[in-house]
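Enquirer: Quick one: sequence and predicted model below, then my questions.
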Amino acid sequence: MLTQAADSLAVDRAAAPPSHRSGAMVWWHALWGLAVLAAGAGLLAAFGGADPNPYIALGLGIAPCLLGVAVERVANQRVRALLLVVWASAGGAACVFAGGITGPLAPWILAPVAAAAVLGRSNLLAQAAALSLMAGSVAAIAQLAGIAPPRPAAQLDFWLGLVGLATTSVGLASGLLVSRAQATRRDRAFRTDVDSLAVLLADQPHLICVLSPDGRIVRAFGTAPQGLGEGVLKGKGLPHAAQYPEQAAVATAIAAANDRGAAQVSFSPQAALDRRLAVDLRRSSDGALIAVIRDDTAAFSREAALEAAKADAENLAAGKSRFLANMSHELRTPLNAIMGFSDIMRAKMFGDLPGRYVEYADLIYESGAHLLDLINDVLDMSKIEAQKFELIREDFDSRDPISGALRIVRLQADEAGVQLRGVLPAQPVYVNADRRALKQILLNLVSNALKFTPRGGSVVVTLTGHGDDLELTVADTGVGIAEQDLAKIGRPYEQVGANDKKTMGTGLGLSLVRAFAELHGGLMTIESRLGAGTAVTVRMPVVVTTPALELGGNVVAFSPQR
C-alpha cells in the first residue's frame with residue numbers, strides 16, 4: 001500500500017513537467033541550432049556557395065531548433081510529440097538534400113531520438129525511434145528513385161559528415177545525461193514521498209495492516225491498539241487476537257472481504273477483554289487485503305449505555321402501564337360498590353329519603369359513573385401500551401353499535417344544548433371488527449365534540465363504506481384547535497384547549513380512538529380551524545362483503561334529528 005501511494009505521487013509529479021526539464025530542452029535546442037549555424041557559416045566561408053544543397057540541408061537542421069525554443073515552455077505532451085514529427089521530417093529532408101541515406105548527414109535521422117531522450121519519456125522515445133525509421137526509409141527511397149541530389153564535393157562532404165556525426169553524437173549524449181539527471185531527481189522525489197508517507201502512517205492513531213488471505217498481518221503501519229498481542233503482529237492470524245467466542249466472526253469477515261471486497265467486524269481482544277477493537281476490511285485493486293484496526297471502546301461503551309438506557313425506559317414504561325392497570329382494577333371494585341349503593345338510595349328501595357339526601361345520592365352516582373369512565377379509559381390505554389389489549393373481532397352491521405352510541409350521548413347533547421345528528425347509510429355495512437371498540441370510538445369522539453361545542457352548535461356523525469374501508473366522521477361547529485396544538489392531539493394524557501375544559505377528562509379520549517383505529521389497521525385524521533370547528537375521521541379496512549355470521553332481523557338506520 002505504501003509503494004502504491006508513493007507511485008501515485010510520483011506519477012502526479014511527472015504529469016506536470018518541472019521547470020528544469022523545460023529549461024534543459026530549451027538549452028538543448030538552442031545549442032544544437034547554434035552549432036549547426038556556426039558549422040554552416042564556416043563551411044560557406046571555406047568552400048563558397050556554388051552548391052546550395054548542403055546549406056539547405058543545414059538550414060533544415062536549424063528549423064526544429066527554432067520551433068523547440070519557441071514552444072517548449074508552453075508545450076504539452078501533444079505539442080512535444082508534434083515537435084518530434086518536425087525533427088523527423090527535418091532530419092529526413094536534410095539527409096535527402098545532402099545526397100540521401102548514404103550522404104554525410106545520415107546521422108541526423110536519429111535527431112528525434114536525441115530530442116526524446118532530453119524529454120526523458122519512455123513513450124516519446126518509442127515514438128522517436130519509429131519516426132527515425134520512417135525518416136530513414138524516406139531518404140533511402142528518395143536516393144534510390146534518383147530524387148536526391150548527388151553528394152557534395154569530397155572535402156565538403158567530409159566536413160558535412162563531421163557536422164552530422166558530431167551534432168548527433170553530442171545531442172544523444174546530452175539527452176542521455178539529461179534523462180539520467182531527471183531520473184535521479186524522480187527517484188529522489190519518490191524516496192522523499194515514501195519517507196513522508198511512512199512518517200504519516202507511523203504517526204496516525206490507528207493500525208493499518210496488509211493481510212494475507214487467511215488473515216495474517218504481512219505489514220503493519222501505525223500504532224497497535226491496546227490488547228493486540230505481539231504474536232498477531234509477528235505473523236499469526238488476526239482471528240487469534242479475538243477472544244475465543246468471537247474468533248469465528250473475525251474469520252468470517254476476512255473471508256467476506258476476500259470475496260466481496262469489504263467487510264466490518266468488532267471484537268474484544270484476548271489480552272484486554274475490557275477493550276473493543278473495530279476492524280474495517282477492504283480489498284485493494286491488486287488483490288491485497290487492507291485492514292484498519294482502531295480502538296472502539298468508547299463508542300462501544302456509549303452504545304451499550306444507550307441500549308441500557310433504552311431498556312430501562314421500556315421497563316419503566318411497562319411498569320407504569322402495569323401499575324395503572326392494577327390500580328384501575330383496584331379502584332373499580334369500590335367504585336362499583338359506591339355506584340350500586342347510591343343507585344339503591346336513588347331508587348328508594350328501603351324507603352323514602354329526605355329531599356337533600358336524594359340529590360346527594362344522584363350526585364354520588366353521577367360522580368362515580370364519571371370516575372369509572374375515566375378509570376376504564378386508563379385501563380384500556382394501559383393494556384394497549386403494554387400490548388395486552390386483544391380485539392374481539394366479529395362480523396356485524398356497523399350501524400348497530402353506532403346507533404347505540406348515539407342513543408347514549410343524546411341525553412348529554414340535550415343537556416349541553418347542542419344539536420346531534422347521525423347520517424347513516426340506508427343499507428347494512430358489514431364489518432369484521434371489535435364491536436365494543438367501534439362503539440367506544442364514537443362515544444369518545446362525540447363526547448369530545450360536545451365538550452368543545454358551545455350551546456346552539458351542532459355535531460354531525462357520518463358513517464360510510466368505501467370499498468374495504470369503513471369511514472366514521474364526527475364534525476362539530478365548536479371552538480376548533482390551534483395549529484400548534486394539532487401535533488399534540490392523540491398523545492396519551494395530552495390535553496389542549498382552555499384550562500376549564502382540560503379538567504373534564506384525562507386526555508385519553510382521542511388517544512384511545514387513534515389506538516383502536518391502528519389496532520384495526522386504520523388511522524385517525526383531524527381537520528380543524530380555530531373558531532370554525534373540527535372534523536375527526538377514522539378510516540379502517542374492516543368492511544366485508546359477505547359476513548361470516550348471518551344476522552337476523554331487519555336493521556333500521558338510526559338518524560336522530562332535532
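Expert: That came in fine, so what should we check first?
Enquirer: how about the strands of this protein, start to end?
Expert: 207-211, 217-222, 262-267, 277-283, 289-295, 393-397, 419-423, 430-434, 458-466, 469-476, 523-529, 533-540 (DSSP state E).
Enquirer: from the middle of its chain, how far away would the longest one be?
Expert: Going by Cα atoms, centre = their mean, to the nearest Å, the spacing between the C-alpha centre of strand 458-466 and its chain's C-alpha centre is 46 Å.
Enquirer: List phi and psi for A98.
Expert: Main-chain torsions, A98, degrees, to the nearest 10: phi -90, psi 10.
Enquirer: which ones are touching it?
Expert: N53, P54, A57, P104, L105, A106, R151, P152, L160, G164 (Cβ atoms under 8 Å, 6 or more residues apart in numbering). C-beta here means a position set from N, CA and C on the backbone, and glycine is covered the same way.
Enquirer: Please apply the same query to S212.
Expert: Applying Cβ under 8 Å, 6+ apart, the residues near S212 are V218, L289.
Enquirer: What part of this structure, helix or strand, is modelled with the least confidence?
Expert: helix 2-15 (a mean of 42; mean pLDDT, DSSP states H and E).
Enquirer: ok so, going back, export the strands of the chain to CSV and append columns for distance to A337 and mean pLDDT.
Expert: Output for the strands of the chain, formatted as CSV (distance: least, Cβ to Cβ, whole Å; pLDDT from 0 to 100):
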stretch, distance to A337, mean pLDDT
strand 207-211, 74, 82
strand 217-222, 77, 78
strand 262-267, 61, 88
strand 277-283, 63, 88
strand 289-295, 66, 85
strand 393-397, 32, 92
strand 419-423, 33, 92
strand 430-434, 29, 92
strand 458-466, 35, 92
strand 469-476, 34, 93
strand 523-529, 36, 88
strand 533-540, 35, 92
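Enquirer: for the ones you listed, which one sits closest to M134?
Expert: Within these, the stretch nearest M134 is strand 277-283; the backing value is 45.8 Å (Cβ to Cβ).
Enquirer: angle of the closest one against strand 289-295?
Expert: Using axes from the mean of the first three to the mean of the last three Cα atoms, to 10 degrees, the inter-axis angle of strand 277-283 relative to strand 289-295 is 160 degrees.
Enquirer: Please point out which parts of strand 277-283 sit buried.
Expert: Within strand 277-283, the residues that qualify as buried are L277, A278, V279, D280, L281, R283, counting by 16 or more other Cβ atoms under 10 Å.
Enquirer: again with stretch 155-174
Expert: L156, D157, W159, L160, G161, V163, G164, T167, T168, G171, L172, S174.
Enquirer: With distance to A140 added, can I get these in a markdown table?
Expert: Below are the buried residues of stretch 155-174 laid out as a markdown table (distance: Cβ to Cβ, whole Å):
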| residue | distance to A140 |
| --- | --- |
| L156 | 22 |
| D157 | 18 |
| W159 | 23 |
| L160 | 18 |
| G161 | 17 |
| V163 | 21 |
| G164 | 16 |
| T167 | 21 |
| T168 | 18 |
| G171 | 22 |
| L172 | 21 |
| S174 | 28 |
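Enquirer: Now, the contacts of A98 that are in helices?
Expert: Among the contacts of A98, the members falling in helices (DSSP state H) are N53, P54, A57, L160, G164.
Enquirer: For R346, grab the count of nearby residues.
Expert: 16 (other Cβ atoms under 10 Å).
Enquirer: And the pLDDT at the spatially closest residue to it that is not a sequence neighbour?
Expert: Of all residues not flanking R346 in the chain, A361 sits nearest, at 4.8 Å (Cβ to Cβ, 6 or more residues apart in numbering). Note on A361: pLDDT of 75.
Enquirer: got a list of what A361 touches?
Expert: So A361 contacts S342, M345, R346, L353 (Cβ under 8 Å, 6+ apart).
Enquirer: That one and F341: what is the separation?
Expert: Plainly put, A361 is 9 Å away from F341 if you go by Cβ to Cβ, to the nearest Å.
Enquirer: ok, back up a step: would you format the strands of the chain as JSON lines with distance to G99 included?
Expert: Below are the strands of the chain laid out as JSON lines (distance: least, Cβ to Cβ, whole Å):
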{"stretch": "strand 207-211", "distance to G99": "63"}
{"stretch": "strand 217-222", "distance to G99": "63"}
{"stretch": "strand 262-267", "distance to G99": "68"}
{"stretch": "strand 277-283", "distance to G99": "63"}
{"stretch": "strand 289-295", "distance to G99": "64"}
{"stretch": "strand 393-397", "distance to G99": "111"}
{"stretch": "strand 419-423", "distance to G99": "116"}
{"stretch": "strand 430-434", "distance to G99": "110"}
{"stretch": "strand 458-466", "distance to G99": "103"}
{"stretch": "strand 469-476", "distance to G99": "103"}
{"stretch": "strand 523-529", "distance to G99": "100"}
{"stretch": "strand 533-540", "distance to G99": "103"}
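Enquirer: Of all those, which one comes closest to V199?
Expert: strand 217-222 (10.3 Å).
Enquirer: Can you list the buried residues in the closest one?
Expert: In strand 217-222, counting by 16+ other Cβ under 10 Å, buried: I217, A220, F221, G222.
Enquirer: Name the nearest residue to the last one, ignoring sequence neighbours.
Expert: Setting aside the residues directly before and after it, G222 is nearest to L207 in space (Cβ to Cβ, 6+ apart), at 4.7 Å.
Enquirer: contacting residues for the one you found?
Expert: Contact analysis of L207 by Cβ under 8 Å, 6+ apart lists A220, F221, G222, T223, A224, P225, L228, V292, I293, R294.
Enquirer: Identify the residues contacting the last one.
Expert: R294 is in contact with P205, H206, L207, P225, L277, A278, counting by Cβ under 8 Å, 6+ apart.
Enquirer: Just put the residues you listed in CSV and tack on distance to A130.
Expert: Shown next, in CSV, are those (distance: Cβ to Cβ, whole Å):
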residue, distance to A130
P205, 53
H206, 50
L207, 50
P225, 56
L277, 57
A278, 55
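Enquirer: and which of the buried residues of strand 277-283 is nearest E314?
Expert: Using Cβ to Cβ, the buried residues of strand 277-283 come closest to E314 at A278, 27.3 Å.
Enquirer: give the contact list for T534.
Expert: Residues near T534 by Cβ under 8 Å, 6+ apart: A449, F452, A475, D476, G478, G480, I481, I526, E527, S528.
Enquirer: Alright, calling it a day.
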